[in-house]
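Undergrad: predicted model, plus sequence, below.
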Amino acid sequence: METILVLTHADETGSALSKASLEAVTAGQELAARLSAPLTIGILAVDAKAVATSLPSTGARLLGVSGEAFAQARYASDVAAVEALSRAAQATIVLAPGTSRFVRVAASVAHRLGGFIDTHITALGGAEAVEASRWFYRQRVEAVLSRDARPWFLLLDPGTHAAFAGEHGAAQVEPVAVELPALRTTVSGFRAPTQDAQTIRPDAKLLLVAGAGWTKKQPDGQVHAAEAGKLILGFLHATGASLGSSKSLVDQGGEGEPVLPFLTHMNQIGQTGATPRHAKGLSTCCHGEEPHVVGWRFIGERRAVNLDPNCGWARGKADVVYIADAFQVIAKVNALLEAGKA
Ligand SMILES: Cc1cc2nc3c(=O)[nH]c(=O)nc-3n(C[C@H](O)[C@H](O)[C@H](O)COP(=O)(O)OP(=O)(O)OC[C@H]3O[C@@H](n4cnc5c(N)ncnc54)[C@H](O)[C@@H]3O)c2cc1C
């Protein structure tokens, strides 16, 4: 019989579990119920008991590693903590959220325990045995994996499960001791871009995609790149949306054409870019060619604004296409959003 461990860690406030961790809890609960297997949840935090208040209603055994050393992500301390939790749980299946914190250490722990690891898991199935799904070749081919090797570590892609939301209450957490190696890395703090500078927001409900049309000649024969930048940033500021881009737009910088200074290749969506998960997406000034649209695979509801009624979006790739000038549409939407706030 399988025994299941879900690994979790605190979010950046340190006072609650991260959203991706709570998603892994949901995945663990569903798998444990399907296999009739016992479930353990391992917690990594400064104070594991304090962040575990959302977990008692899972009915799972709770194991915690606590201490100031775990306030920040650091390879040496995190790998020791995850190894200690995994050994204490004696689990055959270990689920962990694919956060940067766990992605960095999970393969090492799997190796130390003589186990195996698979990453980017999007779904867990199987009635008798565990079957894990992941996508290959830029989300074009879906594979279902099963393995005999145990322990089997599975890193779950964030956004693939609903976050667990149970009754809060006092939790019984069994403390797990960790023998820390000499720590050579000290974390002196975080330096993060300001809200407006950070345009990639994986947790946003909405994705706004900017295409090359924003910096092309408009019907008046002129390029309006500065105005385009203002409109896009205004929309992001008012909605908290994440910003994606087509490849043509982010490539333009290298070709000496007008660019939007806040865009980098990190914003690129598509076959050679990212495949984000947002509930809704709005494409603007982007043609909607297949190598771009393949990156929209996991966007729930798709809308596009394009001047061209024959654009790719109009050929079944979007739920709604507005044949309109995106400069006018976004200016109007921004004005309505501002008026709504006032
Ligand atoms: C191997 C390979 C991999 C690729 N990978 C990717 C990838 O990962 N991501 C990606 O994006 N592309 C990728 N591409 C490129 C892709 O095929 C397209 O060339 C690219 O997506 C086009 O970008 P675009 O739609 O922004 O630009 P364009 O094709 O130039 O389209 C601009 C659009 O803007 C519209 N427009 C202009 N002004 C306005 C206005 N005022 N209002 C509304 N609409 C307006 C126009 O009608 C036009 O449809 C790849 C290509 C190859 C060959």
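TA: Arrived safely, thanks for sending.
Undergrad: tell me the residues of the stretch 151-300 of the chain that contact the ligand?
TA: Where proximity means C-beta under 6 Å from any ligand atom, the interface of the stretch 151-300 of the chain facing the ligand comprises 211-213, 216, 218, 246-249, 268-273, 285-287, 289, 291-292, 295. Backbone N, C-alpha and C define where each C-beta goes, glycine included.
Undergrad: which of these are buried, as a ChimeraX select command?
TA: Buried residues among these (16 or more other C-beta atoms under 10 Å), as a ChimeraX selection:
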select :211,212,213,216,218,246,247,248,249,268,269,270,271,273,285,286,287,289,292,295
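Undergrad: inside helices: which ones of the residues of the stretch 151-300 of the chain next to the ligand?
TA: Among these, the members found in helices (DSSP state H) are 247-249, 291-292.
Undergrad: save those residues as CSV, and put in pLDDT and distance to Ala163 too.
TA: Putting those into CSV (pLDDT from 0 to 100; distance: C-beta to C-beta, whole Å) gives the following:
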residue, pLDDT, distance to Ala163
Lys247, 96, 32
Ser248, 95, 36
Leu249, 95, 33
Pro291, 94, 32
His292, 97, 30
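Undergrad: of those, which pair is most distant in space?
TA: Leu249 and Pro291 (13.6 Å; C-beta to C-beta).
Undergrad: coming back round to it: ok, so of the ones in helices among the residues of the stretch 151-300 of the chain next to the ligand, who is nearest Glu128?
TA: Glu128 has its nearest neighbour among those in Pro291, at 39.6 Å by C-beta to C-beta.
Undergrad: my guess is the closest one meets Ile269, correct?
TA: No: look at Pro291 against Ile269 with C-beta atoms under 8 Å: they stay out of range, at 10.0 Å.
Undergrad: below-threshold pLDDT in the stretch 1-150 of the chain: ranges please.
TA: Low-confidence segments of the stretch 1-150 of the chain, defined by pLDDT under 70: 138.
Undergrad: oops, could you answer that again for the stretch 151-300 of the chain instead?
TA: Along the stretch 151-300 of the chain, segments meeting pLDDT under 70 span 193-196.
Undergrad: quick one: the helices in the stretch 1-150 of the chain, in order.
TA: Counting by DSSP state H, counting those that start in this stretch, residue ranges of the helices within the stretch 1-150 of the chain are 19-35, 48-51, 75-89, 100-112.
Undergrad: other SSEs contacting the second one?
TA: Packed against helix 48-51, as judged by 3 or more C-beta pairs under 8 Å, 6 or more residues apart in numbering; DSSP states H and E, are the following elements: strand 61-66.
Undergrad: are we agreed that Leu243 is in a strand?
TA: Yes: Leu243: assigned to a strand according to DSSP: H, G, I helix; E, B strand; the rest coil.
Undergrad: report how many residues lie close to it.
TA: When neighbours are defined as other C-beta atoms under 10 Å, Leu243 has 23 of them.
Undergrad: which SS state does the nearest residue to it once chain neighbours are set aside fall under?
TA: If the residues on either side of it in the chain are set aside, Leu243 comes closest to Thr199, at 3.9 Å by C-beta to C-beta, 6 or more residues apart in numbering. Classification of Thr199 by three-state DSSP places it in coil.
Undergrad: can you pull the contacts of Thr199?
TA: Taking C-beta atoms under 8 Å, 6 or more residues apart in numbering as the definition of contact, the neighbours of Thr199 are 236, 242-243, 262-263, 267.
Undergrad: name the nearest of these relative to the ligand.
TA: Checking those against the ligand by C-beta to the nearest ligand atom gives Asn267 as the nearest, at 10.0 Å.
Undergrad: my read is that that closest one contacts Val250, right?
TA: Yes: here Asn267 reaches Val250: they are 6.2 Å apart, a contact under C-beta under 8 Å.
Undergrad: need the phi and psi values for Glu301.
TA: Backbone torsions for Glu301, taken as degrees, to the nearest 10, come to phi -120, psi 130.
Undergrad: what's near enough to touch the nearest residue to it once chain neighbours are set aside?
TA: Counting by C-beta to C-beta, 6+ apart, the nearest residue to Glu301 once its immediate chain neighbours are dropped is Lys280, at 4.7 Å. For Lys280, the contacting residues are 205-207, 299-303, taking C-beta under 8 Å, 6+ apart as the criterion.
Undergrad: could you flag which of those residues are buried?
TA: Buried subset of the contacts of Lys280 (neighbour count, 16+ other C-beta under 10 Å): 206-207, 299, 302-303.
Undergrad: among those residues, which ones are in strands?
TA: Using DSSP state E, 206-207, 302-303 are the members of the buried ones among the contacts of Lys280 that sit in strands.
Undergrad: pick out the residue of the stretch 101-250 of the chain closest to the ligand.
TA: Using C-beta to the nearest ligand atom, Gly213 is the residue of the stretch 101-250 of the chain that sits closest to the ligand, at 2.3 Å.
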